[in-house]
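predicted model and sequence follow; I will ask about them next.
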Amino acid sequence: MSAQMQSTPETFPAFCEGIQYFADSFPEIDRLGTAPLLGPNQPALPDATSEAAIYQTLLAADALRYLTLQVTGSKSSGHPGGFASSADAVAALHLLGHRNMVTEVGHHAPGFYSAMFLDTSLEAMGIQTVAEMRTRFRERHGLLGHLSGAIPGLLAPAGPLGQGQHFAMAGAYLHRDKLFPVTIGDGGLGEPYIMSAFQHFATAYPDVTNYLPVLVWNGYSQEHHSMVSLWDNTRMTDYWRAHGFDEVHLIDARDYADTPDAPVYTDSTTFGFAARMAFTGAILKAADAAAKSALSGRRACLIVKQLKGAGVHATGAKSHNLYAHHTLDSDDVKGGLQRRALPIKAWEITRENFRHAGGGPAARVAVTESVRDLPSLDGLPLTEFAIGENHVPTTAFGHVVGEVGKRDPMFVVTNADGNEASGMANINKALTIRHPTADDLYFQGPSGQVYEPLNEDACAGLAVGVALFGGRSLWCSYESFAINGLPIWQTVTQAMAELRRKTPATVCLFTAGALEQGRNGWTHQRPEIESYFAAMMRNGNVYPLFPVDANMIQASYDWALKQHNKGIVITASKSPLPVRTSLAQGEAAIEQGAIVLQEHAGKKSVVFAVTGDMVLQPVFAAAEKLAESGIGSRIVAVVNPRRLYRPGDVLWGSVSEPDDRFMDDDSFKAMFQGDVLLGVSGGPSAPLEPVLLRSQAAQRDVFCWKRGETTASPQQLFDFNGMNAQAMSARVLAMLERTGS
């Protein structure tokens, strides 16, 4: 299929400014491209089997390929090849009216931006022409290299592989009447999480089928062949069926090739016009059938087997990335653009079809473009425990969680290792573990609100996906295991910092198992995870909370439920611990950042700045030892360390829903000033950074976690890590001696 090329003509639609090459003609355009099939009263192709529908889908796919290469080539940067293989399926789904599309592949970003440009969504960020899209691609305040929360019309971010399926399933869970396609690369299929996540969700939510995986099986990963490149079609089909899919629609470009020697992975854009139409028709028919099945109760997937880089500057892994030598004047990029060039009429038709698909631009019709209505949580019943009593913090927390679930039927709790093991059996009792086997002994049944795959990625993925898409959720885990779910939590929290709308904060409860899991040894003692959140605090919307007791943990969760566009991590113990604060004091501590728990006067003053609850035990004992020597002390619980940074330490002004509340200097001095400062943490020292930065004490030091060991009690772990009362008091005395006392 060839047409004479021309550079920019004298007249063309304004949005086409920046398109370098136009074709003088295109086969059958005067017969099949006289008018767009979609319009104000026609949000989807009226007949997906018609010749005109197939033809205009083919034009849309070529337009997406052209724009992807034009935009990436303009910066000699970005990733055109993977998306190019999927362009036919993406075009088909858009023109079929399905606008809530996500991806597992961040490298497909320029293709997704091209779709948002064609439907005018990018006009919301001032991008009205191809020239402006070229200028803003991979620039600050523009079109990021990977999908983010900042781009109008795009539902979810895409960074690390193996995440997109969670967004599709979360969207399907919250919006049962919409289809949520998710494109997945066969390079990313090697991630273990994708298929296990699909299978567990299908088992737990058999009635939620309105998500559609679209596997882009192009034979290559980023820099080499994909790990599934040697599979045949039967094996791939069986693989998806084995993971819970009722229908597998596999379209292999090789089956439509008009040459007898087509390779296993074939580029459909090299076919003659008739063969291209046949291939596009098969894609359109399969996409329509799969979508209808997914929306009517059958789990379906669409697999497009086509060579990576189909229709751009190169094929195979060499098409994946552009480098400095790939300019708009280099032969390969220039040739790719000229091969995909379309006449002005084709651009006009495609623009109108995208503009009306699904009822309008995705920036207007996608489910994530508006704030989702939520049931009220006003007046949640919090239990006020008496100061001095012993209570389990996580159990007190679980009671509030149960009340949230009763008021909000779409609220989801996720936990891989079991709520009961974390002292929160009351959550399971109130909300029921979602499981196909009903058993009252284990509080499980098919309609529960507690999602328990034995996979932290699946736990974190559904929880953060629900929060990003406008619902309430809670991810519970042992701190020792949660690391496997943090990549998607971090991705979504960063996206929330960029969102153009309010959405509930993503909330986690991590059981501080390091000091409570002695018999299990170091495998269950990994509080280093807290350093992850400490580093993220500077992002501007991340809040690790360290409640000290059963009252304060309730206040922490009540506060978290009222927040938007934040990532909030509550770390607490599952052992009975003394209640040291009232509910009102807990609320004040969260807002202010810290609270004084005890103060003794003496000839010198020692400040203990503490994150954690169980670790307060040796701190209080150390203070008593010092008091015997006439040395005064102040024990300060660092509850919300984000509040203790200086405003300039945190990028708070750059985030959505900015929070500029920081403890002022006078309040900080009143709380933390002393002759010596000793930071103490049951985890790493990183959450104490804001205190150490601002303290003006002549002597400062830290007691924190070093590593785990098998022990019979928390005290033995304190001893092993050199964190007992004797060591703390001795260190303080040495510090005071250095001050000259």
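Sure, I can see it. Residues are numbered from 1 along each chain as shown.

so where's the stretch 101-250 of the chain uncertain?
Applying pLDDT under 70 to the stretch 101-250 of the chain picks out no residues at all.

against Leu468, how distant is the closest residue to Arg136 other than its chain neighbours?
Take Arg136 and drop its neighbours on the chain: the residue closest to it by CB to CB, 6 or more residues apart in numbering is Gly142, 3.3 Å away. Any C-beta I mention is one placed from the backbone N, CA and C, and that applies to glycine too. Per CB to CB, to the nearest Å, Gly142 is found 22 Å from Leu468.

neighbours of the residue nearest to Arg136, just the number please.
19 (other CB atoms under 10 Å).

any idea how far Tyr220 is from it?
28 Å.

with Gly602 instead?
70 Å.

phi, psi of the residue nearest the centre of the chain?
Centrality entry for the chain: nearest residue to the mean C-alpha point is Val492, 3.0 Å, by CA atoms, centre = their mean. Note on Val492: its backbone torsions stand at phi -70, psi -40 [degrees, to the nearest 10].

can you give the domain ranges for the protein?
Here the domain parsing of the chain from automatic domain parsing is 5-24+47-221+233-369, 390-738.

where's the last one relative to the chain centroid, distance-wise?
Using CA atoms, centre = their mean, to the nearest Å, the mean C-alpha position of domain 390-738 is found 21 Å from that of the whole chain.

start and end of it, how far apart?
The first residue of domain 390-738 is 39 Å away from its last residue (CA to CA, to the nearest Å).

average pLDDT for that domain?
The average pLDDT within domain 390-738 is 94.

what packs against the longest helix seen in the chain?
Assignment by DSSP state H gives helix 51-75 as the longest helix of the chain. If contacts are counted by 3 or more CB pairs under 8 Å, 6 or more residues apart in numbering; DSSP states H and E, helix 51-75 sits against helix 29-32, helix 81-95, helix 109-118, helix 130-136, helix 273-294, helix 331-340, helix 344-356.

what residues sit buried inside the longest one?
The neighbour-count check on helix 273-294 (16 or more other CB atoms under 10 Å) flags 275-288, 290-291, 293-294 as buried.

now the strands for the stretch 351-500 of the chain?
390-391, 412-415, 433-434, 444-445, 450-451, 473-478 (DSSP state E, counting those that start in this stretch).

all helices for the stretch 401-550 of the chain, in order.
Ranges of helices within the stretch 401-550 of the chain are 425-431, 456-468, 486-496, 529-536, 550-561, based on DSSP state H, counting those that start in this stretch.

give me whichever of these is most buried.
A comparison of the helices of the stretch 401-550 of the chain by mean neighbour count, using mean count of other CB atoms under 10 Å, puts helix 456-468 on top with a mean of 29.

contacting residues for Ala290?
Shown in contact with Ala290 (CB atoms under 8 Å, 6 or more residues apart in numbering): Leu212, Glu247, His249, Ala300, Cys301, Leu302.

list just the nearest of these to Gly162.
Nearest to Gly162 among those is Cys301, at 16.3 Å by CB to CB.

contacting residues for that closest one?
Cys301 touches Leu212, Pro213, Val214, Leu215, Trp240, Phe245, Glu247, Val248, His249, Ala290, counting by CB under 8 Å, 6+ apart.

cutoff 7 Å now
With contact set as CB atoms under 7 Å, 6 or more residues apart in numbering, Cys301 has these partners: Leu212, Pro213, Leu215, Trp240, Phe245, Val248, His249, Ala290.

in helices only, show me these.
Of the positions in the contacts of Cys301, Trp240, Ala290 sit in helices, assigned by DSSP H.

between the contacts of Cys301, which sits nearest Arg646?
Looking across the contacts of Cys301 and measuring by CB to CB, the closest to Arg646 is Pro213, at 46.4 Å.

near the closest one, how many other residues are there?
If you count neighbours by other CB under 10 Å, Pro213 ends up with 28.

same question, Ser713
Using other CB under 10 Å, Ser713 has 12 neighbouring residues.

any idea how far Thr711 is from the residue lying closest to it once chain neighbours are set aside?
Spatially, and ignoring its direct neighbours in sequence, Ser713 is nearest to Gly518 (6.1 Å; CB to CB, 6+ apart). According to CB to CB, Gly518 stands 4 Å off from Thr711.

shared neighbours, these two?
The contact sets of Gly518 and Thr711 overlap at Leu717 (CB under 7 Å, 6+ apart).

among the helices and strands packed on helix 51-75, show me which one is buried the most.
Most buried of those, by mean neighbour count (mean count of other CB under 10 Å): helix 81-95, with a mean of 31.

okay, angle between it and helix 331-340 too, please.
If you take axes from the mean of the first three to the mean of the last three CA atoms, to 10 degrees, helix 81-95 sits at 20 degrees to helix 331-340.

what's the next secondary structure element after helix 81-95?
strand 102-103 (DSSP states H and E).

direction included, what does that following strand pair up with?
strand 180-185 (parallel) (DSSP bridges).

what does the strand it pairs with rub up against?
Contacts of strand 180-185 (CB under 7 Å, 6+ apart): 82, 86, 90, 93, 98, 100-105, 108, 164-165, 167-168, 171-172, 194, 210-216.

likewise stretch 309-321?
Outside of stretch 309-321, the residues within contact range by CB under 7 Å, 6+ apart are 62, 65, 68-69, 79-82, 84-85, 87, 220-224, 267-269, 307-308, 326, 332-333, 336, 340.

ok, now stretch 348-356?
Contacts of stretch 348-356 (CB under 7 Å, 6+ apart): 13, 15, 33, 36-40, 42-43, 56, 59-60, 63, 94-95, 115, 118-120, 361.

next one: stretch 521-536
478-480, 482-483, 486, 490, 512-514, 517, 542, 544, 569, 571, 682-684, 686-687, 689, 705, 707-710.

next one: stretch 574-586
The list of residues contacting stretch 574-586 from outside it, by CB under 7 Å, 6+ apart, reads 382, 384-394, 422-423, 511, 516, 547-552, 554-555, 589, 595, 597, 613-614.

kindly export that stretch (C-alpha atoms) in PDB.
Only the C-alpha atoms of stretch 574-586 are listed here, as PDB (Å, rounded to 0.1, in the frame of the first residue of the first chain):
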ATOM      1  CA  LYS A 574      -0.300  -6.400  68.000                       C
ATOM      2  CA  SER A 575       0.600  -6.900  71.700                       C
ATOM      3  CA  PRO A 576      -1.100  -5.400  74.700                       C
ATOM      4  CA  LEU A 577       0.600  -2.100  75.500                       C
ATOM      5  CA  PRO A 578       0.000   0.700  78.000                       C
ATOM      6  CA  VAL A 579      -2.500   3.400  77.000                       C
ATOM      7  CA  ARG A 580      -0.500   6.600  77.400                       C
ATOM      8  CA  THR A 581      -2.700   9.200  75.700                       C
ATOM      9  CA  SER A 582      -6.400  10.200  75.400                       C
ATOM     10  CA  LEU A 583      -8.100  10.300  72.000                       C
ATOM     11  CA  ALA A 584      -7.900  14.100  72.100                       C
ATOM     12  CA  GLN A 585      -4.200  14.000  72.800                       C
ATOM     13  CA  GLY A 586      -3.800  11.500  69.900                       C
END
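
that stretch: which residues count as buried?
Lys574, Ser575, Leu577, Pro578, Val579, Arg580, Thr581, Ser582, Leu583, Gln585, Gly586.

what does stretch 496-504 give?
In stretch 496-504, counting by 16+ other CB under 10 Å, buried: Met496, Ala497, Glu498, Leu499, Thr503, Pro504.
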